[in-house]
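Asks: The following block contains a protein sequence and its predicted model.
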Amino acid sequence: QVQLVESGGGLVQAGGSLRLSCVASGRTFSSYAVGWFRQAPGKERNFVAAITWNGDSTYYADSVKGRFTISRDNAKNTVSLQMNSLKPEDTAVYYCAASLSINRLRLSLVEYWGQGTQVTVSS
């Protein structure tokens, strides 16, 4: 069993930065691929970024490539999402997610979800 708790959301102006954190409980966290998804009002939840269990590989949605960076520290059971050059279209609730494999995660086949953190980017 893995529980995920996100933090770090907030209100920022366009062009600004935020850093989201996802802290996990559970001894097996390091075995899971972890990612971030986001859901804007009235829209579907979409994949944003993911990282393999050992941090060797990362994946990003085209819309955030070059602006967002995902990283993890298994010793601290933490995954972070550094978001730079934020745009109003990045406004959404951001969810941390864990899955048994990176391929499942990229297909939104998620074993565990966090409760989400709101990110609002003003123009």
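Replies: Perfect, I can see it now.
Asks: center of this protein, which residue is that?
Replies: Trp36 (2.2 Å; CA atoms, centre = their mean).
Asks: Where does that one fall, secondary structure wise?
Replies: For Trp36, the element it lies in under DSSP states H and E is strand 33-39.
Asks: Quick one: mean pLDDT over that strand.
Replies: The average pLDDT within strand 33-39 is 97.
Asks: gap between the next helix or strand after that strand and the chain center?
Replies: The helix or strand immediately downstream of strand 33-39 is strand 45-51, counting by DSSP H and E. How far strand 45-51 lies from its chain's middle: 6 Å, per CA atoms, centre = their mean, to the nearest Å.
Asks: Could you check strand 45-51 and say which residues are buried?
Replies: Of the residues in strand 45-51, Arg45, Phe47, Val48, Ala49, Ala50, Ile51 count as buried by neighbour count, 16 or more other CB atoms under 10 Å. Just so you know, the C-beta spots here come from the backbone N, C-alpha and C atoms, and that holds for glycine as well.
Asks: what about the strands in this structure?
Replies: Taking DSSP state E to define them, one finds strands in the chain at 3-7, 10-13, 18-25, 33-39, 45-51, 58-60, 68-73, 78-83, 92-99, 112-113, 117-122.
Asks: Adjacent strands (with direction) for the second one?
Replies: Spelled out, that is strand 10-13. Each strand that pairs with strand 10-13, with its direction, by DSSP bridges: strand 117-122 (parallel).
Asks: Report the buried residues of the worst-scoring helix or strand of the chain on mean pLDDT.
Replies: In the chain, no helix or strand scores lower on mean pLDDT, DSSP states H and E than helix 102-106, which sits at a mean of 91. The neighbour-count check on helix 102-106 (16+ other CB under 10 Å) flags Ile102, Leu105 as buried.
Asks: what do you get for stretch 52-59?
Replies: For stretch 52-59, by 16+ other CB under 10 Å, it's Thr52, Trp53, Thr58, Tyr59.
Asks: Now the terminal residues of it, how far apart.
Replies: From its first residue to its last, stretch 52-59 covers 9 Å (CA to CA, to the nearest Å).
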